[in-house]
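Colleague: attaching a predicted model along with its sequence, questions to come.
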Amino acid sequence: MAITTHDTETEIQDRAILVSLVTDKIKRTGVDPELSLQELVQLAETAGVVVLDVLRQNKETPDSKWFIGKGKVEELRMAADGLGANTAIFDQELSGAQVRNLEEALDLKIIDRTQLILDIFAGRAKTREGIIQVELAQLSYLLPRLSGHGKNLSRLGGGIGTRGPGESKLETDRRHIRDRISELKRQLDEVVKTRELHRERRRKSGAVQVALVGYTNAGKSTLLKQLTDADVYIENQLFATLDPTSRVLQLPAGKEVVLTDTVGFIQNLPHDLVASFRATLEEVNEANLVLHVVDASSPMREEQMEVVQSILQDLGAAGKPQIVLFNKSDICRPEQLQMLPSDPGFLKISAFNPDDLTRITEMIADELAGDTLTFRIPGDRGDLSSLLYRVGEVLEQNVEDNDVLYQVRLNKEDYGKWSYKLAEYVEQE
């Protein structure tokens, strides 16, 4: 992506060499550094960077001054000179001092994985809440590293790592940035209160909520669009969706649920970003059911599923009823499909296959169905009759004297919400 500077009106293209340091600690975690590096390439390309080369190093521990070894710094400098690179992107997080030392030694813009992800979010944020969340995360990340990002802002004047808050904010002193962080937190609190009011309204209406979660680019937004005809942005890129989108989904028997798309997860999702987006991510906690969308064609499928489960655990949503949807089955190799589980609670699907969409809605209906109860509702209590249709699946109704008998299938959670209104009308077997 070409970036126009403010003073020279010349366009600067981010041309980068990617750097991966594999330490003993990383090896012990079981994370495949090559797969992580492949993901870094995707992240860089999503940010509009031209990736020129990749540099790898194995080392027991990171170098406190350079992160990579001094000899590797020289190798990186020569590679950058030879290829015409103006940026180096590291697959791990750097300290402010390491950034400063590397900039001085290499005369390059230095970006780490965290800053790259934050930058992508800055380019994608559209709503007021999203913009506030991203700026807050960027400033929280940059505050302890201010001394290490002088050249990033003044010499190159644009490109990855500088979108979002903008240069003027990032060049101010720590006190100014702390003030800005406090102001953003205040604004975010207001937005969170509004979001909580919407949640409360949904709870009081008895709306059943289903949340789409999954690794970034697993196909959640495509699935939302296909299931509900939602007008949502879809692109084969990481983090195409930042702001949660909710749409009504009609199940086979006519029952309606609220289906919500959420921001995609990624391994090593920056802590500041998780903290800033917590209010958005906690939409998952409100869900009656979680649809975990998995890119079945990805070589990193198992690792990506673990990342999603780990973040759900952190959010306190790990115990939610869950259906796993192995998406993109249409582009899987036969051996990939054979390796996928076929147990209850798992579906192999393509978001573009109408039959698969029907199977998804049927499985959602089955999962939410719960028990069948009979209610005797007085004929003049139309409010209770409409409530039964709203929160459950009415299987049968019969008029008996001045009452209407309803056979209704509804799950325990829904019945629990409305038992204070409905319990006295349940027919005992």
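Modeller: Sure thing, it's come through.
Colleague: got a list of what residue 58 touches?
Modeller: Neighbouring residues of residue 58 by CB atoms under 8 Å, 6 or more residues apart in numbering: residue 22. Any C-beta I mention is one placed from the backbone N, CA and C, and that applies to glycine too.
Colleague: any idea how far residue 38 is from residue 25?
Modeller: 20 Å (CB to CB, to the nearest Å).
Colleague: right, I mislabeled it, should have said residue 211
Modeller: Per CB to CB, residue 211 is found 28 Å from residue 38.
Colleague: okay, those two: which has more neighbours?
Modeller: Set side by side, residue 211 and residue 38 show more neighbours around residue 211, with 27 against 14, by other CB atoms under 10 Å.
Colleague: the nearest residue to that one once chain neighbours are set aside: neighbouring residues, count only.
Modeller: Counting by CB to CB, 6 or more residues apart in numbering, residue 211 lies nearest to residue 287, which is 3.8 Å off, once chain neighbours are set aside. Residues lying near residue 287 (other CB under 10 Å) number 23.
Colleague: cool, and residue 262?
Modeller: With other CB under 10 Å as criterion, residue 262 counts 23.
Colleague: what does the one 4 residues further on give?
Modeller: Residue 266 has 23 neighbouring residues, counting by other CB under 10 Å.
Colleague: over to the one 4 residues further on?
Modeller: Residues within reach of residue 270, counting by other CB under 10 Å, total 23.
Colleague: run through the residues that contact it.
Modeller: Contacts of residue 270 by CB under 8 Å, 6+ apart are 114, 117-118, 137, 141.
Colleague: among these, which are in helices?
Modeller: When DSSP state H is applied, the contacts of residue 270 are split such that 114, 117-118, 137, 141 fall in helices.
Colleague: can you tell me which of these is closest to residue 332?
Modeller: residue 117 (27.3 Å; CB to CB).
Colleague: just give the nearest non-adjacent residue to the closest one, would you?
Modeller: Per CB to CB, 6+ apart, closest to residue 117 is residue 270, 5.7 Å.
Colleague: mind checking how far residue 128 is from residue 102?
Modeller: Distance from residue 128 to residue 102, by CB to CB: 36 Å.
Colleague: so residue 36 sits right up against residue 91, yeah?
Modeller: Yes: applying CB atoms under 8 Å, one finds residue 36 in contact with residue 91, separated by 5.9 Å.
Colleague: show me which of those two is the more surrounded one.
Modeller: residue 91 (23 against 19).
Colleague: which residues do residue 36 and residue 91 both contact?
Modeller: If you check residue 36 and residue 91 against CB under 8 Å, 6+ apart, the residues they both contact are residue 20.
Colleague: quick one: contacts of stretch 393-407?
Modeller: The contact list for stretch 393-407 (CB under 8 Å, 6+ apart) reads 251, 253-255, 365, 369, 372-380, 385, 388, 408-410, 427.
Colleague: identify each buried residue in that stretch, please.
Modeller: 393-394, 403-404, 406-407 (16 or more other CB atoms under 10 Å).
Colleague: what are the boundaries of the helices in the stretch 251-400 of the chain?
Modeller: 271-276, 278-281, 301-315, 334-338, 354-369, 382-391 (DSSP state H, counting those that start in this stretch).
Colleague: make CSV out of those helices and add mean pLDDT.
Modeller: Below are these laid out as CSV (pLDDT from 0 to 100):
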stretch, mean pLDDT
helix 271-276, 75
helix 278-281, 72
helix 301-315, 89
helix 334-338, 89
helix 354-369, 92
helix 382-391, 89
